[in-house]
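just a sequence and a predicted model for now, questions to come.
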Amino acid sequence: MIALHTTIAIVAIVLLIVRGRVDPIIALVLGCLYLGLASGIGFEKTVEAITSGFGDIMAKIGLLIGFGVLIGSLLHVTGTFSRLVGRLLDLVGTRRIPYALAVALSTIFPSIYVDVQVVLGAPVARSSARHMEGHGLALMAGALGTGIFCGYVFVVPGLSAVSIAGLLKVPLGEYLLYGIVLGPLTAVATTWVFSRMLRMGWWRPETDEETSESLLDTDENEPGGADGLPEGHHVPMLGVALLPIFVPLVLIATGAFANLAGMENEVVSFLGDANVAMFLGLLIAYVLARRTGGLDRTGEAFSDGLHTAGEILLVTGIGGSLGAVIKATGLADVLAGLFGADAGAPVLLSVLLAWFIAAVLHLAIGSVSVAAITAAGIIAPILGSVDVAPIVMGLAIASGSLFALQVNSNFFWMFKALLGLTTQGSLKTMTTVTSIASLVSLPIMLVLALVV
């Protein structure tokens, strides 16, 4: 019954938002209340799960969202995103930008947590989309989403990749060897398939894109050079203007690699902390914005960023509340009991089972990492009883954990707000590309199971 009530809650939330035009915040809270009470955890524990889930998410990513949105707002003052997109257009051309973004995110940035990646990458994706014919925003959003999560689950040191490898006792070097090929390959293939879907009429801008006038949705305030700036103000070189993005990425990556190598110390851990690194990026962005646009323009950008961040924080936090209520119902334990792998199961069936367990867990729980870790914990005890290499089982779990990221994920709501999409548009991009990536990578696992 818990699985049924969870399904009802998720479907109801989607229908309320998409069909009933109910605000996501109201729909999410109603879904939390229904699930908590219908599953039998009681009034007090339901409220406790909602509030604690909100608080836990804010403690983990609240500052990251706030700092990241403010960095994006301040970088508009220096014209950074329009100039970066112009440089990318010169280097790879309009048609290749989505693929370049997907490959970069799935190979270079997995050490950076997914929430940081989407906060910093969304403005670049939105700015790039304006230079593309057709449904540019949809394609860039899809490339952003698939690139982030293909790196997250397949490429060390992505959190899910490292967790799966650790639980299944797969050497990180071996996991990296397979993942560094599989991650970008899946991201590129998914982006290509998604682009074909867009050409076939999958996207409707009037219902799938927001018409907000927020600073994140327009480039009208970006100077794109010195145009519109007060005389005498300095426009930094593009390399300098990008420091608010690159400095946090380098610091966080350094901390992650130092941790993996066992070389961390207090200073490295402090500077490599995502909150500290993002704040340093914010300081750099503030200084550059003051030098470029002056005090008044910087103040306006800061105020607009605070307004946007407040909206994103609220809906993201309540998305975390839904995840906490689902966790409180004990659904993960129910699923673990339902999917006990039989000793001596055929090779292909074992791989499919590992994929299926992770996919169902992700659909139910709403967290890629939790689904991957839980599935790996279920599979690990029976690895010795199946005739499949641990690396293949690990990659199958990674593939399954990608499946259909949707409304019970706080990332979904961050993605929606930062890309300027409606809930329906987010389902058509984020949910769609993660499903495609999961299904595209599955046949590769089946082939690997027969040859590794």
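Happy to help now that I have it.

just want the most central residue of the protein.
Centroid-nearest residue in the chain, with C-alpha atoms, centre = their mean: residue 114, separated by 4.6 Å.

OK, contacts around it?
Counting by C-beta atoms under 8 Å, 6 or more residues apart in numbering, residue 114 makes contact with 148-149, 152, 368, 411. (C-beta placed from N, C-alpha, C; glycine too.)

10 Å instead, please
61, 105, 145, 148-149, 151-152, 158-160, 368-369, 411, 414-415 (C-beta atoms under 10 Å, 6 or more residues apart in numbering).

any idea how far it is from residue 449?
In this view, residue 114 and residue 449 are 28 Å apart by C-beta to C-beta, to the nearest Å.

tell me what the strand or helix carrying residue 433 is packed against?
Per DSSP states H and E, residue 433 falls inside helix 432-451. Packing partners of helix 432-451 (3 or more C-beta pairs under 10 Å, 6 or more residues apart in numbering; DSSP states H and E): helix 97-107, helix 136-154, helix 172-199, helix 347-365, helix 390-401.

among these, which comes closest to residue 77?
helix 136-154 (22.5 Å; C-beta to C-beta).

CA atoms of the very next helix or strand once past the closest one as CSV?
Next helix or strand after helix 136-154 toward the C-terminus (DSSP H and E): helix 159-167. Coordinates of each C-alpha in helix 159-167 appear next as CSV, following Å, rounded to 0.1, in the frame of the first residue of the first chain:
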residue,chain,number,x,y,z
LEU,A,159,29.2,11.1,-5.8
SER,A,160,27.0,8.3,-7.1
ALA,A,161,29.9,6.8,-9.0
VAL,A,162,32.1,6.8,-6.0
SER,A,163,29.4,5.4,-3.8
ILE,A,164,28.5,2.5,-6.1
ALA,A,165,32.1,1.6,-6.6
GLY,A,166,32.7,1.6,-2.8
LEU,A,167,29.7,-0.5,-1.9
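
so where's the chain shaky on pLDDT?
By pLDDT under 70, the low-scoring segments of the chain are 18, 81-82, 85, 111-112, 211-233, 256, 260, 312, 332-345, 381.

at 50 instead, please
213-232, 338-339, 341-344 (pLDDT under 50).

may I ask you to name the longest helix in it?
Scanning the chain for the longest helix, with DSSP state H as the assignment, gives helix 274-328.

helix 347-365 and that one, what's the angle between them?
For helix 274-328 against helix 347-365, the angle by axes from the mean of the first three to the mean of the last three C-alpha atoms, to 10 degrees is 100 degrees.

just how off-centre is helix 274-328 within its chain?
Centroid separation for helix 274-328 versus its chain: 17 Å, with C-alpha atoms, centre = their mean, to the nearest Å.

again with stretch 51-65
How far stretch 51-65 lies from its chain's middle: 16 Å, per C-alpha atoms, centre = their mean.

next one: stretch 29-48
Relative to its parent chain, stretch 29-48 has a centroid offset of 27 Å by C-alpha atoms, centre = their mean.

what do you get for stretch 75-90?
For stretch 75-90, the separation from the chain centroid amounts to 23 Å (computed by C-alpha atoms, centre = their mean).

only alpha carbons, please: show that stretch as CSV.
Listed next in CSV are the C-alpha coordinates belonging to stretch 75-90 (Å, rounded to 0.1, in the frame of the first residue of the first chain):
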residue,chain,number,x,y,z
LEU,A,75,27.9,38.3,-14.0
HIS,A,76,25.1,39.9,-16.1
VAL,A,77,26.5,43.3,-15.2
THR,A,78,29.9,42.4,-16.7
GLY,A,79,28.3,40.8,-19.8
THR,A,80,30.1,37.6,-19.0
PHE,A,81,27.5,35.1,-20.3
SER,A,82,26.9,36.8,-23.7
ARG,A,83,30.6,37.0,-24.3
LEU,A,84,31.2,33.4,-23.3
VAL,A,85,28.4,32.2,-25.6
GLY,A,86,29.9,34.3,-28.4
ARG,A,87,33.3,32.6,-27.8
LEU,A,88,31.7,29.2,-27.8
LEU,A,89,29.9,30.0,-31.0
ASP,A,90,33.2,30.8,-32.6
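
follow-up on the earlier one: quick one: the helices and strands packed on helix 432-451 as a markdown table, columns for distance to residue 289 and mean neighbour count too.
Formatted as a markdown table, the helices and strands packed on helix 432-451 follow (distance: least, C-beta to C-beta, whole Å; neighbours: other C-beta atoms under 10 Å):
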| stretch | distance to residue 289 | mean neighbour count |
| --- | --- | --- |
| helix 97-107 | 25 | 24 |
| helix 136-154 | 24 | 30 |
| helix 172-199 | 33 | 20 |
| helix 347-365 | 39 | 23 |
| helix 390-401 | 39 | 29 |
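
between those, which gets nearest to residue 118?
Here helix 136-154 is closest among these (C-beta to C-beta), at 6.3 Å.

burial of residue 326, as a residue count?
Here the number of neighbours of residue 326 (other C-beta atoms under 10 Å) works out to 29.

that one and residue 378, how far apart?
For residue 326, the distance to residue 378 - C-beta to C-beta - is 17 Å.

repeat that for residue 245.
When residue 245 is compared with residue 378 (using C-beta to C-beta), they lie 38 Å apart.

kindly report the same for residue 43.
32 Å.

between those two, which has more neighbouring residues?
Set side by side, residue 43 and residue 378 show more neighbours around residue 378, with 23 against 10, by other C-beta under 10 Å.

which residues in the stretch 1-150 of the chain form helices?
For the stretch 1-150 of the chain, the helices defined by DSSP state H, counting those that start in this stretch cover 2-18, 24-38, 43-57, 63-77, 80-92, 97-107, 114-129, 136-154.

so which of those is nearest residue 287?
helix 63-77 (9.4 Å).

quick check: angle from the closest one to helix 43-57?
Using the same axes, to 10 degrees: helix 63-77 against helix 43-57 is 40 degrees.

buried ones in stretch 398-417?
398-417 (16 or more other C-beta atoms under 10 Å).

now, which of those residues lie within helices?
In helices, defined here by DSSP H, the members of the buried residues of stretch 398-417 are 398-401, 410-417.

export those to JSON lines and tack on distance to residue 304?
Putting those into JSON lines (distance: C-beta to C-beta, whole Å) gives the following:
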{"residue": "398", "distance to residue 304": "38"}
{"residue": "399", "distance to residue 304": "40"}
{"residue": "400", "distance to residue 304": "40"}
{"residue": "401", "distance to residue 304": "36"}
{"residue": "410", "distance to residue 304": "23"}
{"residue": "411", "distance to residue 304": "23"}
{"residue": "412", "distance to residue 304": "24"}
{"residue": "413", "distance to residue 304": "20"}
{"residue": "414", "distance to residue 304": "18"}
{"residue": "415", "distance to residue 304": "20"}
{"residue": "416", "distance to residue 304": "19"}
{"residue": "417", "distance to residue 304": "14"}
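
cheers, nothing more for now.
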